[in-house]
Each structure stands twice: as C-alpha cells, then as structure tokens.
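[1] Dropping a prediction and its sequence here:
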Amino acid sequence: MKKALGIDLGEARVGVAVSDDLGMLAHPLETISVKTSDVKKRILALAAERGAQTIIVGMPRNMDGTYGPAATKAKEFIEALRSSTEIKVIGWDERLTTVSAQRSLHEAGKNTKKQRPIIDQVAAQIILQGWLDSV
C-alpha cells in the first residue's frame, strides 16, 4: 500500500492527515488556515514531503446522499489539484466526519471549542481511514 493524504475541506480551515508507511493507519498531520495560506500549494508540498501517492479529499454529501453547495466547492478543489499534479486525487464521502471527530475529542476529554484546528485534522484522519479500510 502506498502513502496517502486525507483532506477535510472547510471554509476557515483545512485538516490534513497522512497514512503510515504501510498504508494501514491514518494520523492527524496539520491544519491549514484558508485565510493565510495557499491551500492547494501547501497540500501539494505536504504530499511531496510525505511521498504520498494518493490524495483523498472529503466530499460533503447530504444525509440522503445528494450533493449540496459545499460539494461543488470540493469538486472544484479536486479538479484544481488534479490539474496541478500527477498524484491521484480521489473524492471520498465525508458524511458526519466532523461530528465523529468532535465526539472522539470530547470522549478523550478535550474541549472541542478550543480544539477546532485539531477537529479538522481528526476529520481528515477519519476520511483517510475510511478510504484506507476500503482498499
């Protein structure tokens, strides 16, 4: 299994996770501020630094499986990544990942209001782990 990055796109922050060398476990990596960073450039730099062969981008879906406005932005971002790299870029269902991330941090005794950047990383980890478990 090759190394992969997981991406949780948000309006203010983008969470990033990375797989281990065996491609079995996802780990939180970084939170990128949308306001202060070129998100695409940073993700491509992280992919190069980590030797990622695949980038998994969370695709927001409504609970009924339809796509909403956030999915349009995610699709545009995926296409922008694809046109900028030879690395394989895949959209992946991310329903309830932020809720799961908040719950996991709360259960670990973390104050989720103070941990918003970490929530984004954990959401990216959940997205990536879901993909890793499926391949």
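    Everything's here; your move. Numbers count the residues shown, from 1 in each chain.
[2] Now Trp131. Nearest residue, chain neighbours left out?
    Ile56 (4.6 Å; CB to CB, 6 or more residues apart in numbering). C-beta: built from backbone N, CA, C; applies to glycine.
[3] contacting residues around that neighbour?
    Contacts for Ile56 (CB atoms under 8 Å, 6 or more residues apart in numbering) come out as Ala4, Leu5, Gly6, Ile7, Ile90, Trp92, Ile127, Leu128, Trp131.
[4] Among those residues, which one lies nearest to Asn62?
    Using CB to CB, Trp92 comes nearest to Asn62 of those, at 15.7 Å.
[5] hey, where'd the strands end up in this structure?
    Along the chain, the stretches classed as strands by DSSP state E are 4-8, 13-19, 26-33, 54-59, 88-93.
[6] Keeping just the C-alphas, turn the shortest one into CSV.
    This points to strand 4-8. What follows is strand 4-8, C-alpha atoms only, in CSV (Å, rounded to 0.1, in the frame of the first residue of the first chain):
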residue,chain,number,x,y,z
ALA,A,4,-1.8,8.8,1.1
LEU,A,5,-3.0,12.2,2.4
GLY,A,6,-6.5,12.8,3.7
ILE,A,7,-8.1,16.3,3.3
ASP,A,8,-11.1,17.8,5.2
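[7] Cheers, nothing more for now.
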